[in-house]
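Q: sequence unavailable; structure follows:
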C-alpha cells in the first residue's frame, strides 16, 4: 500500500498545499466517525462534562502534553490557533499607548486580532518588517529588536510563517523579550507534526497551535499553552458555565476552556489516532517523518528555483516541510489578468493545488509548496513543467 493511499485525496490532483488546511488520513476519519456515532447514541452521557467528556479530554491532553513536552495542566483546547491567539489577546491587560509588536510575515487573521484589541484599548500596533528573501536568523532578530520600545508589552510572532514557510528563531525572541519584561505569544499553527516542539525548554508565555495541519487531525482542533502565572488572566473567547463552576478539583483555566457550550469534541478526541498513525509511517517514528518531509521540500525548492532561475530566498535550515519561492512577477500574461490567476490556471489546466499569492504590503509574488508524507518528487516535476509553460514571458527571472 502506497503512503498516499492512507489519505482519500483526489488522485487526479497533485495536492501540494497540505499547509493550508491539512489533510486527514482515512484511519483518523474512521475514528472520528465512530466517535460521532457513539455521541449520537447517548448525547447526554457523551457530552456532559461531569460524565464522560472530561476524562476523555484529559486523556487527549496527556497525549498532546507528551508530544510537546509540557505539563498537561498548562494546556487548554481551542478550535484552532486563531482561536487561541484571540483568547490571549482578548484577555491581555493592554493599556492606552501600550504597543503590540507583530511581523509582516504574520498570519493575517491573527494580525487582525491584534489590531482589533489595540484599537479598543487605544494601544498601538508596531510591525517588524522581516525581509524576504533573507540571509539568516540575524535578519529576523534585527528587524524585531529595532522595533522594540519601552512601550512594547507583547510580541506576537509565528513559529513557522504561513506565507513564507520560515522557521523563525523564537528561542532568541523569547530570550530578548524576557530581558525586557515583554511577554511573547507564539502562533505555532504549523509546528506540531512539522518539527519537534519542547515547550518546557522553549518556555514562551503563550503558545497556540493546530492539530489539523501537520498532525493530520480532523478540522477544528488545537491547543493553547499558557504559563501558570498567566492562567488566571486568560479566558476563552466564549464565556460559559465554567465562569462560576466549582474549581476545587480543577483549575479555572481548564474548567472554562473545556466547556464553551455545545460543540463537537470528536475532532479533539480523534487526535491521538492521528499522532499514532504518523508515528507508524516510518521505523523511527515522527523524527523520521520530520526529516523525510524536510529533505523532500529542500529538493522540491531546488527544482522550482532552477526552473524559475531564481536564488534561494532563505537557507535550508530555516525550512520545515514548506517552502515559498518568489516569482518576481511584475506582470502576468493578459490571459491571467483577464480570466484567471496563476494559481487558478495551475489548478484548472494542470491539476496542481498550491497557493500563489502576493506578500502583504509588497509587490512580490510567491508560490508555496508543502511536502507531506503522501507527496512525491514526480508531483514537483509536473509543477516545474507547468510553471515553465505558464510563466514563459510573464515572470521576470533573476
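A: Looks like it came in fine. For clarity, every value in this text was computed on a predicted model and none was experimentally measured.
Q: and what about residue 143, helix, strand or coil?
A: Following DSSP: H, G, I helix; E, B strand; the rest coil, residue 143 is assigned to helix.
Q: if you could redo that for residue 218, that was the one I meant.
A: The three-state assignment at residue 218 reads coil, by three-state DSSP.
Q: do the same with residue 157
A: Secondary structure of residue 157, per three-state DSSP, is strand.
Q: ok, what's across the strand from it?
A: residue 186 (DSSP bridges).
Q: could I get the contacting residues of it?
A: 102, 103, 106, 144, 168, 170, 173, 184, 185, 186, 187 (C-beta atoms under 8 Å, 6 or more residues apart in numbering). Yep, even glycine has a C-beta here, placed from its N, CA and C like the rest.
Q: pLDDT wise, what is it at?
A: As predicted, residue 157 sits at a pLDDT of 98.
Q: begin at 81 from now on, thanks
A: OK, 81 is where the count begins now, so the last one is residue 237.
Q: please tell me how far it sits from residue 285.
A: Computed as C-beta to C-beta, to the nearest Å, the residue 237 to residue 285 distance reads 12 Å.
Q: list the residues that contact residue 468.
A: Neighbours of residue 468 in contact, by C-beta under 8 Å, 6+ apart: residue 387.
Q: just the strands from the chain, written as ranges.
A: For the chain, applying DSSP state E gives strands covering 94-95, 155-158, 179-183, 204-208, 232-238, 263-267, 286-290, 302-306, 402-406, 432-433, 436-438, 445-450.
Q: ok, of the ones you listed, where does mean pLDDT dip lowest?
A: Note on the strands of the chain: lowest mean pLDDT is at strand 436-438, with a mean of 87.
Q: give me the low-pLDDT residue ranges for this protein?
A: 408-420, 441, 443, 471-478 (pLDDT under 70).
Q: indicate which one of the strands of the chain is closest to residue 173.
A: strand 232-238 (8.3 Å; C-beta to C-beta).
Q: what angle do the closest one and strand 179-183 make?
A: For strand 232-238 against strand 179-183, the angle by axes from the mean of the first three to the mean of the last three C-alpha atoms, to 10 degrees is 20 degrees.
Q: still on that earlier bit, overlap in contacts, residue 237 and residue 285.
A: 264, 265.
Q: let me know which of the strands of the chain is tucked in deepest.
A: Of the strands of the chain, the one with the most neighbours on average (mean count of other C-beta atoms under 10 Å) is strand 286-290, at a mean of 28.
Q: got the contact list for that strand?
A: Here strand 286-290 has contacts from 102, 148, 158, 160-161, 163-165, 167-168, 239, 263-272, 277, 279, 301-307, 310, 314, using C-beta under 8 Å, 6+ apart.
Q: same thing with stretch 272-285?
A: Under C-beta under 8 Å, 6+ apart, the answer for stretch 272-285 is 147-151, 154, 240, 247, 250-251, 254, 263-266, 268, 271, 287, 289-291, 293-296, 305-307, 310, 358, 366-367, 369-370, 373, 400-402.
Q: tell me where the stretch 231-380 of the chain has helices.
A: Secondary structure of the stretch 231-380 of the chain (DSSP state H, counting those that start in this stretch): helices at 250-259, 279-282, 332-338, 346-349, 351-360, 365-388.
Q: may I see the ChimeraX selection of the buried members of the contacts of stretch 272-285?
A: In ChimeraX, this line selects whichever of the contacts of stretch 272-285 come out buried by 16 or more other C-beta atoms under 10 Å:
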select :147,148,150,154,240,247,250,254,263,264,265,266,268,271,287,289,290,291,293,294,295,296,305,306,307,310,358,366,369,370,373,400,401,402
